[in-house]
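**Student:** Pasting the sequence and the predicted coordinates here, then a few questions.
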Amino acid sequence: MSEQPPRRVRVTNPRTGAARKRRVTGTSQIDEQTGVGEIYMSSLLRSQLRLAAVVLVGLGVLVAGLPLLFVALPGLVHVQVLGMPLPWVLLAFAVYPVLVLLGWAYVRSAERNERDFTDVVDR
């Protein structure tokens, strides 16, 4: 009979398993596309869609409101501002600052939505 060499024994630290446990975060939920991650993403998409709808309605009121204003008050067509009819002045000069304001408000609100989303996910 041949004698077998002694079995090797592996000595490990019992805490190494604890160090390897991964903490579940919101970002990992989103990355792994779990149900919770889908809820997080759908809430962000819903808030961004709501914001876009509000800005779009504001733009629609602006674009549709001017012609309706001049139909409702036909005397405004004959008003002169700096030698130009009021409708031309409003279309040439007043609309663009409002569009810039709408764009600025949209970007600011979208960034706020994303910051709020990040705060929720990081908790």
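**Tutor:** Yes, it's here.
**Student:** what are the ranges of the helices in the protein?
**Tutor:** With helices called from DSSP state H, the chain shows them at 16-20, 26-31, 35-72, 86-89, 95-122.
**Student:** Looking at these, which is nearest to V79?
**Tutor:** Each of the helices of the chain has some distance to V79 by CB to CB; the shortest is helix 86-89, at 4.2 Å. Bear in mind the C-beta positions are built from the backbone N, C-alpha and C, glycine included.
**Student:** if we can go back for a sec, mind giving me JSON lines with the helices of the chain and columns for mean neighbour count?
**Tutor:** Below are the helices of the chain laid out as JSON lines (neighbours: other CB atoms under 10 Å):
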{"stretch": "helix 16-20", "mean neighbour count": "8"}
{"stretch": "helix 26-31", "mean neighbour count": "15"}
{"stretch": "helix 35-72", "mean neighbour count": "13"}
{"stretch": "helix 86-89", "mean neighbour count": "15"}
{"stretch": "helix 95-122", "mean neighbour count": "13"}
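**Student:** quick one: which of these has the weakest pLDDT on average?
**Tutor:** For these, the bottom mean pLDDT is recorded on helix 16-20, which sits at a mean of 58.
**Student:** surely V36 meets S42?
**Tutor:** No: using CB atoms under 8 Å, V36 makes no contact with S42, being 10.8 Å away.
**Student:** Lovely, talk soon.
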